[in-house]
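Student: output the structure for:
(one chain, ligands or ions: 1)
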Amino acid sequence: TIDIQAFLRQHIKTMTPYSSARDEFEDVSTTNIFLDANENPYGTALGEPYNRYPDPYQRAVKQKISVLKDIPTKNIFLGNGSDEPIDLLYRAFVEPKEDNVIILPPTYGMYKVSAELNNVTCKEVALTTDLDLDVDGILAAVDNNTKIIFVCSPNNPTGNAVSTDRIIALIEQFNGIVVVDEAYIDFSAQPSFIQKIEKYPNLIVLQTFSKAWGMAGLRLGMMFANAEIVRVFNVIKPPYNINQLTQEKALEALDNVDKVRDMVAKMLSERNRLVEEFKEMPLVKNIFPSDANFILIQVDNADANYQTLVDQGIIIRNRSKVLLCEQGLRISIGTKEENDVLLEKMKQL
Ligand code: PMP
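Tutor: Purely as a prediction, here's the structure:
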């Protein structure tokens, strides 16, 4: 385990946070007269009142997430998508030009983009050929300046969950932060790592409202971590990173978890159907097992077939040049009707 304070970048330790509107008041009654934040007192042109700054700490939303996920609110940080905490992780812990992080390709692209943006070296240790963690290889790549290892499970773009034992081996043996990105966990049979943050202060779990929850357009990501890390993130985050509309819609969605579960069940049943159909297609040479709401397949002539589908109005993701995914096409699970069209067009390829 690690000492979070010792692990922070030096200048972050003594930083004074921005003082948000009404920050010093735990609970502001709406009967108060607010003349402190230079807002428009009359409302908006929209008929709905969005004239006030939102709660900078999204207390009501976190309360509901806390109940749903069975985790204290002090362990929850919300971001403008889960891409925001990815960037904040670099800013909190990784010294530009000095420190480095480790990513495990093929994997989600933003870990590396954020590294470049923050002028940080990104070491790459490929997944094994069966798409699991190469624990020895990863630990061998660690040096004194390695601050974070990014694990994506279920992994994008391959779709598989990596083995729990290997993630735990990393958490236990790496003297730094292990991020487990669970953007697709709601589609997986594997349990989440959320409950393990209590035992492991160096574990950070990311989840999102963009996938199973169907709220990609609202931009809301979740980070679950040691309370000390959450406290630091509240110091360094942009003041009102989750807007009022998103907070309201999240509260509504959190009251309708059954609808989310229904949609997930439909996507899982469509995932099974697509896999069965792909098995019958001579075009498809390999189907990667999926714990996510997409399937990676390997086909003949991926580039040409990708283009043919795009020309017919079906946009999928061409991953044909990606390590371990050569000739790969990544296909998101659509509605039944969309998948019917996809299958029909694929049969003609
Ligand atoms: N992690 C993974 C593995 C993803 O695939 C994505 C989105 N494609 C994200 C994080 C970011 O999602 P968001 O910012 O919408 O929460």
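Student: give the burial count for the closest residue to Asn155 other than its chain neighbours, as a bare number.
Tutor: Counting by CB to CB, 6 or more residues apart in numbering, Thr107 is the residue found nearest to Asn155 once chain neighbours are left out, at 6.0 Å. C-beta here means a position set from N, CA and C on the backbone, and glycine is covered the same way. Neighbour count of Thr107, defined by other CB atoms under 10 Å: 23.
Student: isn't Thr107 right next to Ser153, touching?
Tutor: No: under the criterion of CB atoms under 8 Å, Thr107 is not in contact with Ser153, lying 9.8 Å apart.
Student: so which strand or helix has the residue nearest to Asn155?
Tutor: Using DSSP states H and E, Thr107 sits within no helix or strand.
Student: list the contacts for Met263?
Tutor: Neighbour list for Met263: 212, 214 [criterion: CB atoms under 8 Å, 6 or more residues apart in numbering].
Student: what secondary structure does it sit in?
Tutor: helix (DSSP: H, G, I helix; E, B strand; the rest coil).
Student: where does pLDDT dip in this protein?
Tutor: 1 (pLDDT under 70).
Student: phi, psi of Lys266?
Tutor: When read as degrees, to the nearest 10, the backbone of Lys266 gives phi -60, psi -40.
Student: so what's the residue count around it?
Tutor: Using other CB under 10 Å, Lys266 has 13 other residues around it.
Student: so who does it touch?
Tutor: Applying CB under 8 Å, 6+ apart, we find Lys266 in contact with Lys336.
Student: repeat the analysis, applying 6 Å as the threshold.
Tutor: Residues in contact with Lys266 (CB atoms under 6 Å, 6 or more residues apart in numbering): none are found.
Student: now swap in Lys13 and tell me
Tutor: Listed by CB under 6 Å, 6+ apart, the contact set of Lys13 is empty.
Student: rerun that using 10 Å as the cut-off
Tutor: 5-6, 232, 235 (CB atoms under 10 Å, 6 or more residues apart in numbering).
Student: do the same with Ser114
Tutor: Contacts of Ser114 (CB under 10 Å, 6+ apart): 83-84, 86-91, 94, 101, 120, 122, 150.
Student: just the strands in the stretch 1-150 of the chain please.
Tutor: Secondary structure of the stretch 1-150 of the chain by DSSP state E, counting those that start in this stretch: the strands cover 76-79, 100-103, 121-124, 146-152.
Student: right, so of those strands, which gets closest to Asn32?
Tutor: strand 76-79 (25.2 Å; CB to CB).
Student: shared neighbours, Thr107 and Ser153?
Tutor: In contact with both Thr107 and Ser153: Asp181, using CB under 10 Å, 6+ apart.
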